[in-house]
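Colleague: Just a sequence and a predicted model for now, questions to come.
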Amino acid sequence: MIVPAQKFSALVADLQGIDGASRELGAHSQGEAILGAFIRHAGYCDGAVWLECASGEGLRLAAASPGIEPAATLSAAVPDEIVERTFDPESLEAAAAHLPGAHTLVPLRHHDRVIGLIALRREREEPLEGTIELLRAAASFVTALLTAKRMADEVREGNFQLKVRLWELESLYDIGLSIAATLDQDELSEQILIRTISLLNARRAALYLRKGERFVLHRSFGEVRGQFLEDEIQPEELEALKASRRPIRMSSGADCLFPGCLSLLALPIATATEMVGVLAVADREHRDGSVGPFDESDVRLVRQFATQAAIALENARLHRDALEKQAIERELELAATIQRDILPRAVPRVEGLGIEVLARPARQLGGDYYTFIDRDGGFSLCVADVSGKSLPAAILVSALHAALHLLFHEGRDLGEIATELNRHIHLWSSESKFITLILATIDREHGMIRFVNAGHNPAYVVGLDGEIEPLRSHGLPVGMMSDSRYSAQTRGLPPGALLVFYSDGITEAENAAGEEFGNERLEALLRAHGSDTVAAIRRAIESDLEGFVGEAPQHDDQTLVLVRV
């Protein structure tokens, strides 16, 4: 049977308003336009329309005539073709499942996909002539319109998403340039929070940075509950954040970090080797002013930004460490300058004595010390080795220098000087600090030497005949025991005798094989060159020491003082 042309033309004219109505008022208006057109031109009194959800998950009620209340969503199967109960009495039950008392079901199908269903009721039992053909043609036209509209919407949404993605990439690029140029950690942290809030349109944000094994709040916008992330996040969630770098996302009960917040997103800030912090944001605000949860696109965006933030924070940390290192190096250089000023600037010229010195610190600041004091009654010297290295040792050297010269200036005996030094060092230094030293006074007039050896290496008296007499230790290092007492010992000096004072950096110097230079090697050199000038002896010891050590690193300060009477 041929569809009446006038009815179909009028129905098509009404249906062409579907697209405009849907753009202006949404799916509900769209359903009303479809239902109204079918009722007006196909001889039905009322009905309902279900259309495919925007998410593509099932059919949802789009319109219904006044006085009827059909299901909001469809659970019954949609027929493949138009169902008319007068032609197929068995379809009565299927029609009633969609709309009680329905006479006709008109499915809207695009290939195998169901995009809608129209259920219609009429006052009479028999349909008007040509109604089924009219419905079939109209259903095809509606299906084409809805499919075309859906495709247009998808294209528009795709263009919108593309523009959003381009905006995100441009924003990330601009943000990367901005934060990469910031090396101050505090300023950088503030920039990270500002940019994060701007990207996500969030109301609050917080940045936690790692200190040891804990994450400490460094900066925040808005009130934050606690200073430590571990106190606010469930242990299993925090472990997952650390181990798998998975974000924490909550939309209910999310006020663990931000009191009273409705939604939360926390992501790790991690370099290739370690997790350096956590970036948390709360309460994503929509265009209408409402607050909603963070979605996958938010997670993706913040994850990319967090990668840039991690690089920037690591650069800021390295820059800070470099500045701190420079400051320490400047302080060490200043301390080294002070220490160099403490040590004799030149070998003293003393009538009747030939003096040579070899001094090589292992580090910028050394723990070895030597000094010369020419006073009435003889020429005195001290060679000492402070326990430890670097700045603590240098400070103790300074204390030793000041106290030693003050005590010599008071004219005290060597034993008294050593005893008072011991009391002073023990009182003002830590328990683990002590000093080995040898004090000696050379009496040229009487050919004698008085000395105190407090735990130091044995000094040597070398005669012209090669005989060596050691001046061994006869007391504990100063500073070790508060009640230690010291007394000076006296030895005679044969004509032309050579006095050798040194620190353990000479005899304990190691070669690449771990072998020590040793006292036997030093004594052999002294016997072989004992009659040479002190300058020649110093060169011989220095040359032999360098040849023995080779490329092995120097682990300890080396001090050698030679005095020919």
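Modeller: Alright, I've got the coordinates. Numbering: from 1, shown residues only.
Colleague: residues in contact with the residue lying closest to Arg485 once chain neighbours are set aside?
Modeller: Among residues not flanking Arg485 along the chain, Thr419 sits closest, at 5.4 Å (Cβ to Cβ, 6 or more residues apart in numbering). From N, CA and C alone the C-beta is placed, and that goes for glycine too. The contact partners of Thr419, taken as Cβ atoms under 8 Å, 6 or more residues apart in numbering, are 484-486.
Colleague: who wins for neighbours among the residues you listed?
Modeller: Tyr486 (23 neighbours; other Cβ atoms under 10 Å).
Colleague: Apart from its neighbours in sequence, what residue is nearest that residue?
Modeller: On the basis of Cβ to Cβ, 6+ apart, the spatially nearest residue to Tyr486 that is not a chain neighbour turns out to be Ala418, at 3.7 Å.
Colleague: Let's see the pLDDT reported for the one you found.
Modeller: At Ala418, the pLDDT value in this model is 95.
Colleague: ok, now how distant is it from Phe517?
Modeller: Going from Ala418 to Phe517 by Cβ to Cβ, to the nearest Å gives 28 Å.
Colleague: neighbour-wise, which of these two wins?
Modeller: Ala418 (26 against 21).
Colleague: How is that one assigned, secondary-structure-wise?
Modeller: Of the three states, Ala418 takes helix under DSSP: H, G, I helix; E, B strand; the rest coil.
Colleague: ok, it - contacts?
Modeller: The contact partners of Ala418, taken as Cβ under 8 Å, 6+ apart, are 437, 439, 452, 454, 475, 478, 486.
Colleague: Quick check: of those residues, which has the highest neighbour count?
Modeller: Result: Val478 is most packed of these (other Cβ under 10 Å), 30 neighbours.
Colleague: Skipping adjacent residues, who's closest to Ala62 in space?
Modeller: Gly31 (2.5 Å).
Colleague: Which per-residue confidence value corresponds to the one you found?
Modeller: Confidence at Gly31, expressed as pLDDT, is 85.
Colleague: Can I get the helix or strand where it lies as CSV, trimmed to CA atoms?
Modeller: Assigning secondary structure by DSSP states H and E places Gly31 in helix 27-42. Taking Å, rounded to 0.1, in the frame of the first residue of the first chain, the C-alpha atoms of helix 27-42 are listed here in CSV:
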residue,chain,number,x,y,z
ALA,A,27,17.4,15.1,24.4
HIS,A,28,14.1,15.6,26.2
SER,A,29,12.9,18.2,23.7
GLN,A,30,14.1,16.0,20.9
GLY,A,31,12.0,13.1,22.2
GLU,A,32,9.0,15.4,22.6
ALA,A,33,9.4,16.5,18.9
ILE,A,34,9.5,12.9,17.7
LEU,A,35,6.5,11.8,19.8
GLY,A,36,4.4,14.9,18.9
ALA,A,37,5.0,14.4,15.1
PHE,A,38,4.0,10.7,15.3
ILE,A,39,0.8,11.4,17.3
ARG,A,40,-0.3,14.2,15.1
HIS,A,41,0.2,12.5,11.7
ALA,A,42,-0.2,8.8,12.4
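Colleague: tell me how far the ends of stretch 421-436 are from each other?
Modeller: With Cα to Cα, to the nearest Å as the measure, stretch 421-436 spans 11 Å from end to end.
Colleague: what about that stretch, distance to the chain center?
Modeller: 42 Å (Cα atoms, centre = their mean, to the nearest Å).
Colleague: Let me see the residues that make contact with it.
Modeller: 384-388, 392, 396, 399-400, 403-404, 407, 437, 454-457, 473, 477-482, 484, 486.
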